[in-house]
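A.B. asks: this one's structure only:
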């Protein structure tokens, strides 16, 4: 019985002829490609050709199944074994036969037995192994299956490329496994050079499996990217392209997702009584999951706002609907403002960053306080009406998600743009008589300049300005 260690001291090896080379020494396992060369010109040439063929197949083949069959067949052929196996470990570390072949490239059908104990030992120690069974005692020592199958010779190598103990493989193979051959023939005995060539072939199977995994990952990534692009386009289409307005009210909205899809949304919905509902929402997190919730919430709000004139009733209906859909730990912060042409403003703020209201008459900024927690946080919570607000001509209200106030400075990440930054920009721009669009764009421009155009979270802002009727 023989094991190869990952790192060994130089030891004399068996002579390859009656007059061995004076410097003949055993080489470490991380150099298997030349270990099988023994000085016989024709034999060495044949072995080198086997490896070159394997390299070419791995480099060029796009059919993994055919490639694995080929390498197992070649392993059986070059070692003189009767059977060859490619065994992989599944997610629960159970051995699964991936390929099994008889000599001559014949497939094996029906139930197949092999020495699972040998494969287990090789994988646990991560060391190649060859053995010739001389007695029943040796067979039982290797495992009951070796004894029961009356195996004479067994050889097994791990698929993972050999590394020194202090090295770390940068890209570990996800599917661990082993290449295994055996024979019952009394005259068959695997030699060191057989093990070395066998080990080299196993490296190419490992490479083939890794290539297949990376190729699959690449395809999956491309499909995911395509799906995310579609999701982004759909979500973008759901945002109002040209905000509908009513006499005396001017509105504008802007958003920017941190990823392909956003957990933020905004909308402007005309009501039956001639009012305009402005909505700003933010689902916890960002990506596909939150984007699906935003789409549901946006659709429901459009339906409710078209038939109802009472903001608390609209929010309570949405709250009840979403409570059944959102997973634990996922919430929706939401601001709903119902504007009338005469400047009346009814609001409900469910956990959203407090909107700001700039008053033209005083130049001061008021905060629109919250009315309760985020939707989905307390299932039984009932949202009540807040006192109505009155907008005078020239007054400007802005609502925004926390992606703007929590934007970090591009060179001093401990600094946030903050509520003070939003107030300073709003006071300056609104005082100049800017439109709702100009106010929103100024806020966005200042935040992006502050952060160096980097966004850790979705950013959304809605601005509303009272105008002459």
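C.D. replies: Yep, it's here. These figures come from a predicted structure and were not determined experimentally.
A.B. asks: ok, residue 152 touching residue 186?
C.D. replies: Yes. With contact defined as C-beta atoms under 8 Å, residue 152 counts as touching residue 186 (5.8 Å). All C-beta spots, glycine's among them, are computed from the backbone N, C-alpha and C.
A.B. asks: what's the helix or strand for residue 76?
C.D. replies: Element membership for residue 76 (DSSP states H and E) is helix 64-79.
A.B. asks: Check which residues of that helix are buried.
C.D. replies: Using 16 or more other C-beta atoms under 10 Å as the test for burial, helix 64-79 gives 67-76, 78-79.
A.B. asks: can you check stretch 76-95 too?
C.D. replies: For stretch 76-95, by 16+ other C-beta under 10 Å, it's 76, 78-89, 95.
A.B. asks: Same question for stretch 126-144.
C.D. replies: For stretch 126-144, by 16+ other C-beta under 10 Å, it's 126-133, 139, 142-143.
A.B. asks: Show the average pLDDT along it.
C.D. replies: Stretch 126-144 shows a mean pLDDT of 80.
A.B. asks: What's the end-to-end length of it?
C.D. replies: End-to-end distance for stretch 126-144: 22 Å, by C-alpha to C-alpha, to the nearest Å.
A.B. asks: Tell me which other helices or strands the next helix or strand after the helix holding residue 76 touches.
C.D. replies: Per DSSP H and E, the first helix or strand lying C-terminal to helix 64-79 is strand 83-89. The helices and strands touching strand 83-89, judged by 3 or more C-beta pairs under 8 Å, 6 or more residues apart in numbering; DSSP states H and E, are helix 64-79, strand 95-102, strand 177-183.
A.B. asks: And the contacts of stretch 389-396?
C.D. replies: 339, 343-347, 357-361, 368, 397, 426, 430, 433, 436, 439, 463-468 (C-beta atoms under 8 Å, 6 or more residues apart in numbering).
A.B. asks: try 10 Å this time
C.D. replies: Contacts with stretch 389-396, where a contact means C-beta atoms under 10 Å, 6 or more residues apart in numbering, come from 248-250, 337, 339-340, 342-347, 356-361, 365-366, 368, 397, 426-427, 429-431, 433-436, 439-440, 463-469.
A.B. asks: Next, count neighbours for residue 399.
C.D. replies: Residue 399: 26 surrounding residues under other C-beta atoms under 10 Å.
A.B. asks: show me what contacts it?
C.D. replies: 253, 266, 278-280, 335-337, 347, 349, 352-357, 368, 460-464.
A.B. asks: how about it, phi and psi?
C.D. replies: phi -120, psi 140 (degrees, to the nearest 10).
A.B. asks: got the domain boundaries for this structure?
C.D. replies: Domain ranges of the chain: 2-7+24-162+173-218, 239-466, per automatic domain parsing.
A.B. asks: Now do the longest one, average pLDDT.
C.D. replies: The one in question is domain 239-466. Mean per-residue pLDDT for domain 239-466: 89.
A.B. asks: what about residue 219, how many residues close to it?
C.D. replies: Residue 219, neighbours per other C-beta under 10 Å, totals 10.
A.B. asks: pLDDT value on it, please?
C.D. replies: Taking residue 219 on its own, its pLDDT is 70.
A.B. asks: Please identify which helix or strand holds it.
C.D. replies: Counting by DSSP H and E, residue 219 is part of helix 192-238.
A.B. asks: and the next element down the chain from that helix?
C.D. replies: strand 249-256.
A.B. asks: Quick check: which helices or strands does that next one pack against?
C.D. replies: The elements that strand 249-256 packs onto, with contact taken as 3 or more C-beta pairs under 10 Å, 6 or more residues apart in numbering; DSSP states H and E, are strand 264-270, strand 276-283, strand 332-339, strand 396-400, helix 402-405, helix 436-451, strand 459-466.
A.B. asks: let's see it at 7 Å
C.D. replies: strand 264-270, helix 436-451, strand 459-466 (3 or more C-beta pairs under 7 Å, 6 or more residues apart in numbering; DSSP states H and E).
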